[in-house]
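Enquirer: Show me how the following folds:
(2 chains, ligands or ions: 1)
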Amino acid sequence: MADTALDQLKRSGRVVVVGASLAGLRAAEVIREKGFAGSLTLIGDEPHEPYDRPPLSKQVLLGKADAERTLLPRRRDIDAEWRLGVAATGLDMAARTVKLADGEEVPYDRLLIATGVRARPWPNEAEGELGGVFTLRTREDGVGLARALNAGPRRVLVIGAGFTGSEIASACRERGLEVTVAERGNGPLVGALGGVIGAVAAELQRENGVDLRTGISVTALEGDSTGRVRAAHLSDGTTLECDVVVVGLGAQRNTEWLMGSGLGAGPRGIACDAGCRAFDLRGIVTDDIYVAGDVARSPHALFGYQFLSLEHWGNAVAQAETAAHNMMSESTDRRPHLWVPAFWSSQFGVNIKSVGVPSMGTEIMITQGSRAERRFTGVYGYQGRVIGAVTFDNGRWLQFYEKQIECTAPFPPPFTTVDRRPDGQRPIPADFPDPSVPTHGPTITLSGYSPADRRIATFTPAGH
Amino acid sequence: MAHGILSQILDYSSRANPYPLYEELRKTPVFHDGTGPYVISTYYDIQSLLHDPRLSSDARNLAATAGDPLAEGEDGEETALPPSFLKLDPPEHDRLRRMTNRPFGPPHSPHRVDGMRGGLKDIVTGLIDNLGDTENIDLVDQFAYPFPVTMICQLLGVPREDEPKFHVWADTLAASLDPDPDADPAERQRKTHDSRMELGMYLAGLIEQRRKDPGEDMLSQLAVGHGPDESMSTMELLSTAALLLIAGHETTVNLITNGMLTLLRNPDVLAKLRQEPGLAVPLVEELLRFEPPVQLLPQRTPLVDIEVGGITIPKGSSMWLILASGNRDPNRFENPDRFDPYRKDIQHLGLGSGIHSCFGAPLARLEAQLALTELARRLENPRLLEDPPPYRQNAVLRGPRHLRIACDGIRA
Ligand SMILES: Cc1cc2nc3c(=O)[nH]c(=O)nc-3n(C[C@H](O)[C@H](O)[C@H](O)COP(=O)(O)OP(=O)(O)OC[C@H]3O[C@@H](n4cnc5c(N)ncnc54)[C@H](O)[C@@H]3O)c2cc1C
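Expert: Residues are numbered from 1 along each chain as shown, chains lettered A, B, ... in the order given. Predicted coordinates:
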C-alpha cells in the first residue's frame, strides 16, 4: 500500500494543541485513539492539568467539592508533552510554528486551537481589582470565591443573571448568605431562554430569598480604605452595601494571541468550516489548523448555516472529537460537526436543560407540565418549526425534542403529550430581548448573518 | 415467516432461548399482525419511544379494541388498588415516584443504597455458608431468591417471617403480567384480583403499625410523609408498597440467576471475575444487555397517531417494546450475541430508559455485583448440572425457575 501523507503524519508527525482544557484534552485523546504515534504537545497557559469548570459554580461553592479536585477524568493515556503555565502568544501560519510566552517556538504539522473563553472583566479596571471582587472561570477564581463565601460575607452582589450568575446566587442562598442579583435585562436567563422562562427563573430566585433587581445596572463599585469592596452604586440611584461582588457578565474569546497571524480569528471567535477547519482572514479554509470548543464559531446546517459559538460543555467534547477525527482522516473520511446544542444548569434545586437554539425562537409553547409547578417542557418555534426546547426538572423528555429539532418538525407541535395542561395549548411570544441591547452574555452566540444582525460578520482581529 | 411469531415468543418452549425469535422479529421493526399489539424490536426505535411524551403508560388510554393479550388480566384493578406509578403518566407518576424516591435515593437520601452494602454482604455470606450439599445446589431456591427477598423486606420493613404468605401473592401478580395461553382468563383474573386484595390488606395492616411506631424503614418513612403537599393517600401508599415489594422480589432473582448461568457458560469470564472483582461493575451492565430480567414492556399506548419507522401506529393501540431484542440489535451493538464484559459502549435498555426507567436500579445493580463476585470467589470449580435449566413460565419477567449446579467445595 502506498505510504500516504496521512500515514506519514500518523507515524512521525507533530501535532500541537493550544488550550489544555476540556476540548484540548478530549481532542488529544481521540488523536491517539486514531493511531497517531508522532509527537503531541499540549500548551496551556493555566498551570494545571485539565480540570472541569461546571462544578466551579455549583458543588465547589456549596463546599461539596474542592476546586482543586475537579480534574477531568482521563479516558486513555495520551503520552503528550505538556507545556503548562505558558501561553501561546503568536502563530506563524507560513512557518507552521506556535510562539510561546517564554520565547520558544513549537513547530507543528497539525494544530488544534482550543483556547476557549475567559470571563469578561469588570469594565472599570481599578474597581475590578478591589478585594472581594471576583469573576468565575478558573480554578483560582473558584478557590477564591469559595473562600470568600466561607468567610460569611454580609451580602454578596452578583452582577448579571445569566447561568453562571444565577448558579452563584443559588449557591449563596443554599449557604444562607444574603445575595443581591443585579441584571440589566428584565429577568434572569433571558438572553438564553427569553422572557417567558426568565419570569419563571425570577420567581424561583425571589422565592428562594434572592434580592433580585432587574432592569438595573451597576454603575460603580466602591472600596474601603483597605482596598476591599464595600458598596455598589446602581443605575436607579441607590447604593448597596456588599462585601463580595461576583461579576457575571459573560465571556470573551481568547483570540488576541492570533492577531496578525492571518487566521480568521476575532472577538467572536475563530471561524471554521463544518469540519472544524479554521478559516483564514480571507475566508479560505486552512487544512492544517483546526478549532474546537468555546472559541470556535462554525456554521450549523440545522440553524440555517448560521455561525454558532457555543459555550457548552457537550459541544466542546463533540467538536474536539470531530476535529481530532478529521485531523487524522483522509478528506473523504471527514465528517461534519452536527452536534445539536445542549446545555444544563442546576440552580435553586431545579435541573434546567436545553437543546437546540432557544434564542433563535420567537415563540414558546409549554408542551408538558406547568410553569407554576416549575416542572415543564417549553418548546421554541421559529418560522413554523421547532428550533429549541427547555426543561425544568423534566429532562428525561428532552431527547424527544432534540429529534424534533433535528427533523425540523413543525411548530406549534400538532400533537398532545402526556401531562399537557390547558395553558399549554397555545404558543406565546418567547420574549427575547432585542439582541442589540447588551445583557449578561448568552451562552449561545449567533454570529452569522441574520435578519436581526444586519452587518455581515467580518473576520477582523480584536481591538479594532 | 413473521406470522404467529408473537405466540411463539410467548410459548413456553421458546423460553430458554427467545433470541432467534427476536432476531426474526427485527426484520419487521414495527410488527403488527392485524389484531394484536404493535411490537417494536429495534434498539433506536425503542430508545426513542421510551422518551416520547406522546406515549402513555396508563392503561386507561388504551382503546377498547386494542387487542392486547396482556391487558385482559388487569380489568379488576380499580376495585383492588389504584395503579402504581409504573402504570401512570405525569404528573401523577412524577409526584408518586418523587415521593417514593425521598427515602431511597438522592438528593434526600444519597447514601441509602450504598449504606446497605454491609448488610447485603452479610446476607450473601450467610446464604453461601449454608449451601450444604455442594453436589446438588439449586441456586434459585437457595440463593438467588432468598437474597433479594431478605433485602427488600429489610428495606421496606416487612417481616421476613411473612415471606411464605406474600410470596404466593407476589408470584400470582408477577404471573399476571404473562399471557399464559393455557390458563382460563376469568380464573386468572379472579386470582390476580384476589392476590392484589390480600396483598393490599396485608400491607395496610403493616402501614397502620408503622404510622403508630415509625422506624427507619421505607414503609415508615413513606407512611409518615413529608409535609402537607408531600404525602401519599393510603391507597397510593398501598400500591406503591406493593410495587416495591413485587419488583424487589421478581426481577433481581432473575438478574442473579441469569448472571450465574451466563458465567457458567463463559468460564473464562468467571475466572476473570474471580481474579478481578472490580470487573463486576461492567459485567453486570453487560448482563443487563445480554440477558435482561425484564424482556419486554407491554404497556405503552400512543395518545395520538404516531409514526415509527414509516408505519403509522393509531392512537390508543397497544404497543410492546421488546427491550431484550433492542439489546441484541446488531445496528446498535457490535457482535450483539457475544457476552463481553469489557464492552466499552454499553448503553443497554435492560433497565428501561426515560421517566419509567427502573426505580430500583441502584439496588439491583449492587445486589447483582455482590452476589456474582462472591459466588465467583467462593464456589470451587462450579459447574452446571442442567443446561438449559427449567425456566419460569413468564415471558416478560424471564429467568430460570431452578438452576442446579455443583461445585467441589466452598472457599472461606
Ligand atoms: C463556572 C462555569 C460553569 C459552567 N457550567 C456549565 C454547565 O453547567 N453546562 C455546560 O454545558 N457548560 C458549562 N460551562 C461551560 C463549559 O465549562 C465550557 O463550555 C467548556 O469549559 C469549554 O471548554 P474549552 O476547552 O473549549 O474551553 P476552556 O475550558 O475555556 O479552555 C480553554 C483553555 O485554554 C487556555 N488558553 C487560553 N488562551 C491561551 C493561550 N493563548 N495559550 C495557551 N492556553 C490558552 C485557557 O486558559 C483554558 O485553560 C461552565 C463554565 C464555567 C466557567
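
Enquirer: Up against the ligand, what does the stretch 301-450 of chain A have?
Expert: Neighbours of the ligand within the stretch 301-450 of chain A, by C-beta under 6 Å from any ligand atom: A:311-314, A:316, A:343-345. (Glycine included, C-beta is placed from N, CA and C.)

Enquirer: I'd like to know which of the residues you listed are part of helices.
Expert: Using DSSP state H, the members of these that fall in helices are A:313-314, A:316.

Enquirer: For those residues, pick the one with the most neighbours.
Expert: When neighbours are taken as other C-beta atoms under 10 Å in any protein chain shown, the top entry among these is A:Ala316 (28 neighbours).

Enquirer: Quick one: residues contacting it.
Expert: A:22-23, A:26, A:114, A:116, A:292-294 (C-beta atoms under 8 Å, 6 or more residues apart in numbering or on different chains).

Enquirer: Also near the ligand: which of those residues, exactly?
Expert: Residues of these in contact with the ligand (C-beta under 6 Å from any ligand atom): A:22-23, A:114, A:116, A:293-294.

Enquirer: surely A:Phe348 meets A:Arg206?
Expert: No. Using C-beta atoms under 8 Å, A:Phe348 is not in contact with A:Arg206, being 10.2 Å away.

Enquirer: Between those two, which has more neighbouring residues?
Expert: A:Phe348 (20 against 12).

Enquirer: Remind me which helix or strand B:Val168 belongs to.
Expert: helix B:163-175 (DSSP states H and E).

Enquirer: Any chance you could list what contacts that helix?
Expert: By C-beta under 8 Å, 6+ apart, helix B:163-175 touches B:149, B:153, B:158, B:191-192, B:195-196, B:198-199, B:202, B:242, B:245-246, B:249-250, B:393-394, B:397.

Enquirer: Tell me, how many residues neighbour residue 160?
Expert: Defaulting to chain A. 27.

Enquirer: Sorry, I should have been clearer: chain B.
Expert: 12.

Enquirer: Give the closest residue to it in space, chain neighbours not counted.
Expert: Leaving aside its sequence neighbours, B:Arg160 sits nearest to B:Cys153 (C-beta to C-beta, 6 or more residues apart in numbering or on different chains; 4.7 Å).

Enquirer: interface residues of chain B facing chain A?
Expert: Contacts of chain B with chain A, taken as C-beta under 8 Å from any C-beta of the partner chain, map to B:48, B:51-56, B:58, B:89-91, B:94, B:107, B:303-304, B:306, B:354-355, B:357.

Enquirer: contacts with the ligand among those residues, please.
Expert: Applying C-beta under 6 Å from any ligand atom to those, none is adjacent to the ligand.

Enquirer: Could you tell me the single residue of the stretch 1-150 of chain A that sits nearest to the ligand?
Expert: Closest approach between the stretch 1-150 of chain A and the ligand, counting by C-beta to the nearest ligand atom: A:Gly116, at 2.2 Å.

Enquirer: In helices, which of the residues of chain B next to chain A fall?
Expert: Going by DSSP H, the helices hold B:48, B:94 from those.

Enquirer: Show the buried residues in the contacts of helix B:163-175.
Expert: B:149, B:153, B:158, B:191-192, B:195-196, B:198-199, B:202, B:242, B:245-246, B:249-250, B:393-394, B:397 (16 or more other C-beta atoms under 10 Å in any protein chain shown).

Enquirer: just to revisit the earlier point, what does the pLDDT read for the residue nearest to the residue of the stretch 1-150 of chain A closest to the ligand when sequence neighbours are not counted?
Expert: Nearest residue to A:Gly116, sequence neighbours excluded (C-beta to C-beta, 6+ apart): A:Asp294, at 4.4 Å. A:Asp294 is assigned a pLDDT of 97 by the prediction.

Enquirer: where's A:Asp294 relative to A:Thr417, distance?
Expert: 34 Å (C-beta to C-beta, to the nearest Å).

Enquirer: the more surrounded of those two?
Expert: A:Asp294 (28 against 23).

Enquirer: A:Phe432 contacts A:Gly195, correct?
Expert: Yes. The pair A:Phe432 and A:Gly195 qualifies as a contact (C-beta under 8 Å) at a distance of 7.0 Å.

Enquirer: what's the residue of the stretch 101-250 of chain B found nearest chain A in contact with, if anything?
Expert: Closest approach between the stretch 101-250 of chain B and chain A, counting by C-beta to the nearest C-beta: B:Pro107, at 7.8 Å. Each residue near B:Pro107 by C-beta under 8 Å, 6+ apart is listed here: A:Gly349.

Enquirer: mind checking how far it is from A:Ile216?
Expert: B:Pro107 is 33 Å from A:Ile216, by C-beta to C-beta.

Enquirer: and the residue nearest the centre of chain A, how far is that from chain B?
Expert: For chain A, the residue nearest the mean C-alpha position is A:Glu311 (1.7 Å; C-alpha atoms, centre = their mean). A:Glu311 sits at a distance of 26 Å from chain B (criterion: C-beta to the nearest C-beta, to the nearest Å).

Enquirer: out of A:Phe432 and A:Gly195, which sits in the busier spot?
Expert: A:Phe432 (24 against 18).

Enquirer: Quick one: low-confidence residue ranges for chain B.
Expert: In the predicted model, chain B carries pLDDT under 70 at residues B:1-3, B:65-80, B:179-183, B:227-229.

Enquirer: what about A:Thr115, how many neighbours?
Expert: When neighbours are defined as other C-beta under 10 Å, A:Thr115 has 30 of them.

Enquirer: let me fix that: A:Leu71
Expert: Counted with other C-beta under 10 Å, residues neighbouring A:Leu71 total 13.

Enquirer: hang on, the earlier thing: can you list which of the ones next to the ligand among the contacts of A:Ala316 are found in helices?
Expert: Per DSSP H, the ones next to the ligand among the contacts of A:Ala316 map to helices at A:22-23.

Enquirer: Closest one of the ones next to the ligand among the contacts of A:Ala316 to chain B?
Expert: A:Leu22 (20.6 Å).
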